[in-house]
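Participant: build the 3D model from these lines:
(one chain, ligands or ions: 1)
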Amino acid sequence: MAGAPRSIFARIAAGEIPCQKVFENEHVLAFLDIHPLADGHTLVIPKQEVAHLDQLAPDIAAELGRVLGLVARKVVQAMGAPGYNVLLNNGRVAGQEVEHVHFHIVPRRAGDGLGYRWRPQDRTPAELEALAARIRAVP
Ligand code: AMP
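Facilitator: Numbers count the residues shown, from 1 in each chain. Here you go, the predicted structure:
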């Protein structure tokens with residue numbers, strides 16, 4: 001739509017803004033994060049401009065998942081990393097700055113100082129059962 005706001009990643013996907021590309025096909029693009037958490041930190045995006053994962057067309061989501069694993073293998077092999085995180089922030093409250101779906105692949109090494117533990121909370125079995133029921137009830 002003419003004049004509609006476009007994310008910086010939509011503009012990268014359209015070739016209007018440069019990136020350090022590591023993979024591209026018809027629906028998916030992967031490129032280096034400009035402010036990496038570690039060498040090889042890569043973003044994997046759908047070319048379709050969609051803010052959150054649940055808004056993606058199912059076939060595009062499936063393709064994104066397929067490419068995600070493929071690119072992760074390339075990244076960790078190239079970097080010689082023994083592990084990696086795959087992260088996806090959806091919404092500002094979840095830390096999303098760029099409103100265009102993007103998986104982060106972050107290579108990890110012992111002692112890299114990035115950490116990985118959040119703060120898990122305690123819930124009773126009854127509380128967990130009620131929460132699962134609420135989610136199952138959504139069509
Ligand atoms: P998030 O907080 O999940 O939305 O992450 C946004 C990421 O996009 C950050 O890690 C930024 O460093 C990265 N980023 C922002 N602009 C660019 C750009 N032009 N090229 C590559 N990465 C970018």
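
Participant: C-alpha from now on. contacts and neighbour counts both.
Facilitator: Fine.

Participant: quick one: furthest residue from the center of the chain?
Facilitator: Residue farthest from the centre of the chain, counting by Cα atoms, centre = their mean, is Ala126 at 32.4 Å.

Participant: tell me how far that residue lies from Pro120.
Facilitator: 17 Å (Cα to Cα, to the nearest Å).

Participant: what's near enough to touch the residue positioned nearest the centre of the chain?
Facilitator: The centroid of the chain falls nearest to Phe103 when counting by Cα atoms, centre = their mean (1.3 Å). For Phe103, the contact set (Cα atoms under 8 Å, 6 or more residues apart in numbering) comprises Leu43, Val44, Ile45, Leu68, Val86, Leu87, Leu88, Asn89.

Participant: partner residues bridging the fifth one?
Facilitator: For Val86, the beta-bridge partners under DSSP bridges are Ile105.

Participant: wait, doesn't it sit right on Arg108?
Facilitator: No - assessed by Cα atoms under 8 Å, Val86 is found out of contact with Arg108, at 10.5 Å.

Participant: and those two? Which one has more around it.
Facilitator: Between Val86 and Arg108, counting by other Cα atoms under 10 Å, Arg108 is the more crowded of the two (23 against 14).

Participant: off-centre distance for the longest helix along the chain?
Facilitator: Longest helix in the chain, counting residues (DSSP state H): helix 58-79. Distance of helix 58-79 from the chain centroid (Cα atoms, centre = their mean, to the nearest Å) equals 10 Å.
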